[in-house]
Each structure stands twice: as C-alpha cells, then as structure tokens.
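> Dropping the sequence and predicted coords here.
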Amino acid sequence: MNMHSRSRKALGIAVASALALTLAGCAREGGGGGASGGGASPGITDTAVKLGISTPLSGATAGPGTCTVAGVTAYFGAKNAEGGVAFGDGKTRTVEIEALDDGYDPQRAKANYDSLKGDVFAMTAGLGTPTNRAWRDAAIADEVPQVLVMTGDPLFSDTEESPWQLGFVPIYQNEGEAFGKLLASSGGAHKVAILSQNDDYGAGYVEGFKSAVEGAGNVQIVGELTYEATDTSVDAQITQLAASGADVIFNAMSVTPLTVSALQKAQQLNWLPRWFLPSNTSSPGAVVEPGGGAAFPAIYSVSFAKAPASPAFAEDEDVRTYLAALKEHGNYPDAPAFPHCQWSWMVGATLEQAFAKMTAPTREDFMRALRSIENFEAPLMLPGTAVSTTEAGQPAVPTVVVQKYNGKGYDTVEAFE
Amino acid sequence: MATFIQLVVDGLSTGSIYAAIALALVLVHQATGLINFAQGGMAVLAAYSAWWLTARGVPLVLAILASIVLSFLLGAAVERWLMRRFERGDPDTAVVVTIGLLTLITGICGWLFTYNNQQFPSLFSLDAVSFLGVSVSQRSIGTTLVIVVVMFLLQGLFAGTKLGLALRAVAINPQSAAFSGLPVERLLMVGWGLAAVLGAIAGAMVAPQLTLTPGMLDNALVYALAAVILGGLSSPVGVVVAAWIIGVLENLAAVYIPLIGYDLKVAVPFILIFVVLVIRPQGLFGRKTVVRV
Amino acid sequence: MASVPSPRQRSWVRWAGPLLLVVVLAVLPLVFPESVNEIIARIGVFAVAVLGLNLVMGYTGQVSLGQIFFLGLGAYVTAYGVSNDWNIVVVFVLACTIPAVVGLLVALAAARLGGLAIAMVTVALPIVGVPLAKRLSDYTGGSQGLSARFGDAPEGTGLYDDQWRLYLVLAIGGAVFLLTRNLVRGKYGRVFAIVKKNENVASSVGISPYRYKVLAFTLASLIGGVSGFLYMLVIQYTSPETMSFGHSIQLLAAMVIGGAGSILGSILGGAYYVLVPQLTNLVDPSLTALLQGATLLVVLFVLPGGLASLARPLGRGRRSSHDRRGPTPPITPSATTGSGTAAETPETERQGHP
C-alpha cells in the first residue's frame, strides 16, 4: 500500500513537471509590464479605462484612506452615469476604479501594485508616503503612471527623479511656508511654539515654515517639540510649550484625535495662543468644534478645498453636486469627515482634464497630457488656488490659501490679525 | 517647578488610561492564565454600543450601563463559543486566537460605524480644576477616581470573595479545581464576562479623551501590557500604580533626559520592566509563584 | 526520524522525490506569469521570517513578539549597503550577522528573565525600533524610508527580473530551510524540545536552558536578517512602517496558523501572511480587517494545530509503515502537544522546499 501511494505521488510529480515543461515552451507575454510600443497600453479599451488605487482601508489611517477612494469613485460614478468621459482621441470611455486596501503597510502596497499593474491603465489617489514610495521604483521601471497621489512628499513632484509620478496635494513645505509668510508679514512681534509629527510630514511643514520666517525680525521660535503618530497623548508637549510663553503655536499634526486633545489641553492650562493647523486636521466639525476652538483668539489653517460643512458653502453648486454624488456613487453615506474626500473628487476632475487632452490611448501620452494642465480650477477649489501641472518640482496643486476659523467654517485671509 | 508638577499630573492622567485597560487584562489573566489581546477591541465595541445608544437619545449613564451588560454577555459568549476550544491546548494558540478576535472586532467596528472619528460624550466636565498652579480637567480626575474604585473592587474580589478565590483556583489548575467541585466552565465564563465589563467601563472613560475609532486602544494596549508585567500579573493595585509610574516617568524622561526625548519615551516602560524584573522577577507587587518540576 | 537507515536499494527512491521537487521549482518560475512569481517570492520572504520565529517559539518555547524587528534590521542593512554600492555578498553577510549580533545581545539579557519577561523585552524591539529608525535618519532615510533596487536578472541569462529574483529567493530561502530542518532534526532540536517542555528537567540532565535559549534566539534573529535581505530583494523598499508592532503580531499569528514547531508550517504560515490580505481584497477591500480576523478564527477553530496538521495524518501513516520495516527510533521527544518535532516526517516536508 505504501508502494502504491509512493508511486502514485511520483507519477503525479512527473506529470506535473511534464506539463510544466510543455508550458515553458510557450512564449511568455508581457514581461516588463509597460512599454507596449504602438498599441494601446494595458487597462484601456475603446469603451472603458481602468484605474487602480492602493490606500489604507483598514487600520489607523483608514478614515482618510476611505475618503481617497470615495471622492474619485463618486466623481467617475456620476460621469459614467451620464455616459462616460470624453477622451482627446475622440472616444468616450467609462472609468472603472479598482481600489485595494494596503493597511498603510508598504509591503502590502507593493503587493497591490503588482497585482494591479497589468490590469489598470494608471494608479492614482492612494494615501501615504511610505506606501507610495514602496512601489515608486517599480512603477518607474514598469512605466506605469503613479499620479495624483495623496502625499506631500516632494519626491513625487520631482520630474527628474520621478518621471512616472505626480503628487496631488501641495508639498508639506508649501503649506508651512504659506503660514510662515503670513506671520512674517504681520508686523507684530511673535513668539512661536512648534509641535510637529516626527516624520517627513511634520518635518516638511516645519522646514517650510522656518524658511518663510527666516530673517524676519518679528518672529522668534521659542520651543520646538515632536510627537509620534502612535502616541496616546500630547499633554506633556502642550504643558512644556505652554511654559514657553508663546503666543502662536505652529501645530503640524496629522492625527485627528491628538489634535482635538491638544486644543483641549491648552485650554485647561489656560494657554490661549493663536493656533495654526495643517490642511488635513483643520476640519471645523471633526477637529475645531470638538476641541473647543472658539476659545482661542484665532485658528488659522491652509486649504485649497471648500469645506462642505461650512455654512458659507451650504448652497454652493459644486458642494451640492459633490455631496449627492458621494452618497450615490461613492459608497459614502455620511458627511465627509476628512478633506481627503474633497481632494479625491478633485483628482477625478483633474484626471478628466488629462483624458480630454490625450490623443493616443497610451500611458506615455497620458503622462504628457497630465503634465500639460494649466490653471484648471477644479470643482470645490477655493478662489486663488488651481491645478497646474506644468511647473517642475511642484505637485498638481502647488498653491494654498491661508484661512481663518470664523466660528463655523473658514474664511480666506490676506493678513495675520 | 510648576511645569514639573504639571508634567507629573499629566503623566498620572495618561497613566490612568493605560491602567483602565490593564485592569481588564489582569482579570482575564487571573481567571484564565491568558493575555487577551482582544481586551481593548472588546472595550471599543462596548464604547461604540454606548455611543450608538446616545446618538439615539438614550441618556449617557443608561447607555454606558447597557454597554456594560452587553459586554458581560459578549465576554461570556466569547469564552463559551470561542475560547473554550483552546483553553486546554497550546497557550500560544489561545493568544493568537485573541489576536484574531481583535482583528475581527476592529473590522466589525469599522464596518458598522466607519473608521471616522466619533465624539464620545463624557460623564465629566472638561472644565479645569486649578490648585498650586497646576491644572487638571474634571474629566481626568473623574476617570482616575473611577479606575481607583474599580481597582479596589477588583482587589477585594480576588482577596476576599469566594468567587475571586474560585476564579484563581481555576486559572492555576483547572483539573484540581474541577475535582474539588468548582463549576470550572461557568467560572471561566464569569471571568471573561467580568473582564469585558471592566473593559466597557474603561472604554467609556477613555473614549472622550482618545476619540472613538475602531483602533482607539491599539496604542494604549502596549502600555497596558507593560503595566501588567511591571505591576505583577496578580495585583490590581500594583498594576494601576505601575501604569501611573509609567505615565509619569515617560513624561519626565521625555522632557528632562535629552537622549530619550519625545520620540524614544516609549522605551521608558521597557527599560523599567527590565530593571525591575532583574531585581524582582515577580514584578513590583506580584506574588512569587513556585514552579513545579 | 531522518536517521532511520533505509535499505540500499531504496536510496534512489529517497533521492528521486527531492530531485523532482528541485526540477519542478526550477521550471515553474519560467512558466508562471509575472504576478504569480512575485507572489511566490513574497511568500518565500515571509516563510523565512516565520521559520525564524518558529525556531525560537515553536521549537524552543520562548515567546517572541519582536521577530519583525530583525526582518526590518536586515532590510535596513541591505538597503544601506546596496545604496552605497557595496558588494552584494558582503551585504548579505552583514544582513545576517548584524541582526544575529543584536539578537545575541538581546538574548543574553532577556533569557535570564522568565517567560513573560522575554515576551515583554521582545515587544520592546519593534515598539522602540520604529522611533529609533526615524532618529537614525542618516542611515535609514527617516520616515521616508530607503529604496534599493537590486537583483535584476544578469544579461545573458535571458530571464525576466521577476524570474531571476524568484530563483534567488528559492535558493537562499531553500538553503535556510534545509539548514534549519537539519538543525531541528538533530541533537540541537532534541535539546530545544527538552528546554521547551521543561527547563528544570533540562537542567537536571546537564543542559543549560539559558545557553540554548540564547542560541535559539540568536539563530532566529539571524534567520530574521536573511528574511530582511529577501524582503529588500523582493519589495525593494523599507521604512519604519516595515517593523511596526502590528506586523510582528501578524507574523506570530501566521506562525501559529501555519503550525508551530513545523518546517512545513513555516511555509504555510508565510503563504497565509501573504495570501490572506490579497484574498480579502478580492472579496471586499473595505472589509479586509473583518475578513482577516474571521479567517484566522475559522482556521484555528477547525485546525487548532495549524494548517500543517492537515498533512500529519498522512505523515503518521507513512511513519508507522517505516517503523514496521526498520528499527524503531531510540527516542521520541515530546510528542505531546501535537506541535512537537516528532509529528513531522521527511515526506511531508519535502513537498515544500528543495
């Protein structure tokens, strides 16, 4: 009996290897991924184009991650319902989106990319610096577009280093710089405390801020601390910074709960500085209101997107279309809790612009078209900001405006008060 | 000096968050000999159920009480229908089952309530109380007081009640506990149920501070584990004191030891554990256990 | 068990199986599409990582929650070496030895403490490792991480890059598996099993549990370093996120699901670690956590001994027929929990590696 099972196994292996050898004789198609010469690139036909997203849909960053998928899915969902998107080559295509969860794990992001690259025309909208960096080299080698991704890492906007990439959101340095300029031009003397996230996000903000206030005699940095995104509390940092006597806090945080508790802690200590919050943690409903922001003399932020929760935009045509589509096509029934939902919607609009400029259904031509958009005011964009992809070293949205909290939403300001 | 005292007080508040979860870990460990990685997840689920009720107009206190009852049932059910299969087997497998349970519960919370941040109302006001130049919120004081009360109840349960002794007997040796007529299976269910109750209380206390998300307690869990080991696995008082020590020392180390700083302060509890265990292998307050050959 | 002497005329049969396996593994990368090769390569990476964890935990009984740290360390060493254009063999040797030395130092301190204390010290490795990697940003690239592309197919081989990389993974991973298999089958394996079962018994028969715990932990760190090298070969990027505590926990889960104290289980664990996130993405990307948790619970509920226990009934049947022919082996070490070394047979393992 033993002999039987052994010989059967050996036979099985022999058959399998014979089969394998036969298959090996067949030619293998598409080794390198892209570079398919004259014909259409993968992921695009005469009637449809497919986009891929790898983003965190579980874990600590799943909230904003879900938004990065919802916005662009809603945008093209609405377009598909109208019949599709008109491409520059004269064809109208529907846009399909395949989004995969990477849990903010670079390894899983790379795995998602590997499994999508053969099927999709381009990768887009994914959130996270390490998760986008993980497959950046591979995307360049395979000549797969990795565009309008949600990271302010300048590497993705460096055309030399990253020929197949383009960041969407302003690089972190730009955001910090915008507020720094405002402060430096205020005329009054200011002591600034800095609390930033200990990573490229926080460091980028601080770098931009410092470069803007460098040489400004009226701005003095009196304290500079960091925190980890995994911390449960920043009470000690706020306590230490409160003792510095600063009248302005530059708070480069990306973790919503910690931002709320930082605002609360400062109030308990009766330290009421003017507060700067970055674009992704300044939501009126999710951050400032629960944090009791009204107690502070002023809260500033930078932005390029209309906040749908703001009463000023309640009747805005863009906002109403957007919220309706998010519900109907984006699988996102709640009010958007993170600005990433709006950003992702703009990614959809920007892609549509690029599609309209494409003359051939190839990835090369798509990159050329994408890099030729000038001063496109995408839906939901604030006046004074626009999508411009022609400037080297800058992401698709190179500019932000500084805004001030007005008790319910934000108003754009020109001067520090 | 005022800053120093304020940092100590801040550390105690943060320590109370670690302590809240640590107490539930101790109870399960006392009752089953296991470290339950899903303890925080179960607490989050309880907090979500309370939050869901308050969003539908149920008064906060009633909602928390309901979540406590629900948690007891959930804890008992988890023991009966899931953990029981693994209790006699390899302990590593049982621990991994709790890891799976944590992933599952986190996923369920994300599915039912989204991964967005939800504001959980607090039983206590956020207004600050000031004394000697130190400010502390009524919420922190309230949270700490609740945890101290729970700690003493738990200490009393283990030391002075039949149930507590029976729970411990089961954990130490299920076979001999069964021989001496203890209803082992029911006791294990009660142990898990009670631990889930502690988790529900902890969840309701810390959710206003941490903001309710499916992964709300993931980061606190590591600190809670450290507090459990440092305090000695058998002593509720020891574990709470250890959590406070960790909270205070990590703040002080971050501010006053430049080599550590805010980025490496997370190393503090582990350095502490290492030093303490070299001197006292049973933890700060733990009992010595005799190892049988 | 491998030491059971076989009749001479059967020796060609004994070699035929492994030989065929090697042939099959050599051919398959040529046949499979690129995406499958990449998946197999990733499975190889994490199978090696799980194998290291198995050595210290499954075979020697010391709870380690920090294995991912050694993978991360090995990956960082590799990335640093490659981006500084060091010879790749030197890089490989360093990616093995540096984690091994760090592991040795940690073990020298931690193994003095009891079981749970070792667990806590190993928890500290990824928890402290992440901010430490950020602080040493001159070497690690900080939170932006390090990219390093190497292992492209040499000109003249006519192979695609993914095929060449898969061969490297199979060769290096296969060698590690073979060496580890021989280790746990031999004298050291028996001592590890005794230490796992009862340290006091080990002491009473003149074995120092301390020394063997340190040895197991050091070897596990070394294997972790190898998996880090392979990680860089396949993923080509590492960052502090690579060694986050959550991944360490998932690695532990993969080890138990594959089968603790089992060579085949390590491969199955690596496959689980890689495939389940991809499969859950296919089902519903917004429910991955829920599906992964449910999968883990279902698998363990059905197979508390892990996936490798599926292969055991077959193996046992074969072993007993062996025993009837040849002399019974002198000792059967700790076949108690169903996760011991004794439950393994050569046949079940040969299916997995060369």
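Yes, it's here. Numbers count the residues shown, from 1 in each chain, chains lettered A, B, ... in the order given.

> Tell me which residues of stretch C:151-158 come out buried.
Buried residues in stretch C:151-158, counting neighbours by 16 or more other C-beta atoms under 10 Å in any protein chain shown, are found at C:151, C:153. Every C-beta, even on glycine, is put in place using the N, C-alpha and C of the backbone.

> That stretch near chain A at all?
No - residues of stretch C:151-158 contacting chain A under C-beta under 8 Å from any C-beta of the partner chain: none, with a closest distance of 8.9 Å.

> before we move on, which element is residue C:129 in?
helix C:115-135 (DSSP states H and E).

> who does that helix touch, helix- and strand-wise?
helix B:218-231, helix B:261-264, helix B:268-279, helix C:67-83, helix C:88-110, helix C:245-258 (3 or more C-beta pairs under 8 Å, 6 or more residues apart in numbering or on different chains; DSSP states H and E).

> if you compare those, which one is most tucked away?
helix C:67-83 (a mean of 28; mean count of other C-beta atoms under 10 Å in any protein chain shown).

> Off-centre distance for that helix?
16 Å (C-alpha atoms, centre = their mean, to the nearest Å).

> Phi, psi for residue A:95 please.
Backbone torsions of residue A:95, given as degrees, to the nearest 10, read phi -110, psi 120.

> Run through the residues that contact the closest residue to it other than its chain neighbours.
Once flanking residues are discounted, residue A:95 sits nearest to residue A:76: 3.9 Å by C-beta to C-beta, 6 or more residues apart in numbering or on different chains. For residue A:76, the contacting residues are A:51, A:85, A:94, A:95, A:96, A:97, A:329, A:348, by C-beta atoms under 8 Å, 6 or more residues apart in numbering or on different chains.

> any idea which helix or strand comes after the one helix or strand residue A:76 maps to?
Taking DSSP H and E as the criterion, residue A:76 maps to helix A:62-81. Downstream of helix A:62-81, the first helix or strand assigned by DSSP H and E is strand A:85-86.

> buried sites along the helix holding residue C:129?
Buried residues in helix C:115-135 (16+ other C-beta under 10 Å): C:116-134.

> From the structure, what's the count of residues near residue 192?
Picking chain A for this. Using other C-beta atoms under 10 Å in any protein chain shown, residue A:192 is surrounded by 25 other residues.

> if you could check chain B rather than the one you did, that'd help
Residue B:192: 28 neighbours (other C-beta under 10 Å).

> likewise residue C:22?
Residues near residue C:22, counting by other C-beta under 10 Å: 14.

> residue ranges for the strands of the stretch 201-350 of chain C, please.
C:237-238 (DSSP state E, counting those that start in this stretch).

> follow-up on the earlier one: could you dump the helices and strands packed on helix C:115-135 into TSV and include distance to chain A and mean pLDDT?
Converted to TSV, these look like this (distance: least, C-beta to the nearest C-beta, whole Å; pLDDT from 0 to 100):
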stretch	distance to chain A	mean pLDDT
helix B:218-231	5	89
helix B:261-264	5	90
helix B:268-279	12	85
helix C:67-83	10	95
helix C:88-110	17	93
helix C:245-258	7	92
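
> Let's have those in TSV, adding distance to residue A:288.
Listed next are these as TSV, based on distance: least, C-beta to C-beta, whole Å:
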stretch	distance to residue A:288
helix B:218-231	24
helix B:261-264	24
helix B:268-279	33
helix C:67-83	37
helix C:88-110	45
helix C:245-258	30
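
> Which one, of these, ends up nearest to residue A:387?
Judged by C-beta to C-beta, the one of these that comes nearest to residue A:387 is helix C:67-83, at 34.1 Å.

> what about the closest one and chain B, touching?
No - counting by C-beta under 8 Å from any C-beta, chain B is not contacted by helix C:67-83; separation bottoms out at 12.6 Å.

> Now do that helix against helix C:88-110, angle only.
Inter-element angle recorded for helix C:67-83 and helix C:88-110: 150 degrees (by axes from the mean of the first three to the mean of the last three C-alpha atoms, to 10 degrees).

> Report the angle between helix C:67-83 and helix C:245-258.
110 degrees.

> What helices and strands are in contact with helix C:67-83?
Right, helix C:67-83 is packed against helix C:34-53, helix C:88-110, helix C:115-135, helix C:137-140, strand C:146-147, helix C:209-235, strand C:237-238, helix C:245-258 by 3+ C-beta pairs under 8 Å, 6+ apart.

> Keeping just the C-alphas, turn the last one into CSV.
Presented in CSV, the C-alpha positions along helix C:245-258 are these (Å, rounded to 0.1, in the frame of the first residue of the first chain):
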residue,chain,number,x,y,z
PHE,C,245,4.4,46.1,16.1
GLY,C,246,1.2,45.2,14.3
HIS,C,247,3.2,43.3,11.7
SER,C,248,5.1,41.4,14.4
ILE,C,249,1.8,40.3,15.8
GLN,C,250,0.6,39.2,12.4
LEU,C,251,3.8,37.2,11.9
LEU,C,252,3.1,35.4,15.2
ALA,C,253,-0.4,34.6,14.1
ALA,C,254,1.0,33.3,10.8
MET,C,255,3.3,31.0,12.6
VAL,C,256,0.6,29.5,14.7
ILE,C,257,-1.8,29.2,11.8
GLY,C,258,0.9,27.5,9.7
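
> Pull the distance from that helix to the chain's centre.
11 Å.

> packing partners for that helix?
helix B:91-113, helix C:34-53, helix C:67-83, helix C:115-135, helix C:263-283, helix C:288-302.

> closest one to residue B:260 among these?
Using C-beta to C-beta, the nearest of these to residue B:260 is helix C:115-135, at 10.1 Å.

> pull the CA atoms of the closest one into PDB?
Extracted in PDB, the C-alpha atoms of helix C:115-135 (Å, rounded to 0.1, in the frame of the first residue of the first chain):
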ATOM      1  CA  GLY C 115       8.900  33.500  30.000                       C
ATOM      2  CA  LEU C 116       6.700  36.600  30.100                       C
ATOM      3  CA  ALA C 117       9.600  38.900  30.600                       C
ATOM      4  CA  ILE C 118      11.200  37.600  27.400                       C
ATOM      5  CA  ALA C 119       7.900  38.400  25.700                       C
ATOM      6  CA  MET C 120       7.900  41.900  27.000                       C
ATOM      7  CA  VAL C 121      11.500  42.600  26.000                       C
ATOM      8  CA  THR C 122      10.800  41.300  22.500                       C
ATOM      9  CA  VAL C 123       7.700  43.500  22.400                       C
ATOM     10  CA  ALA C 124      10.000  46.400  23.000                       C
ATOM     11  CA  LEU C 125      12.100  45.700  19.900                       C
ATOM     12  CA  PRO C 126       9.600  46.800  17.200                       C
ATOM     13  CA  ILE C 127       8.000  49.400  19.600                       C
ATOM     14  CA  VAL C 128      11.300  51.100  20.200                       C
ATOM     15  CA  GLY C 129      12.700  50.100  16.800                       C
ATOM     16  CA  VAL C 130      10.300  52.300  14.900                       C
ATOM     17  CA  PRO C 131      11.200  55.700  16.500                       C
ATOM     18  CA  LEU C 132      14.900  54.600  16.700                       C
ATOM     19  CA  ALA C 133      14.900  54.100  12.900                       C
ATOM     20  CA  LYS C 134      13.400  57.500  12.500                       C
ATOM     21  CA  ARG C 135      16.100  59.100  14.700                       C
END
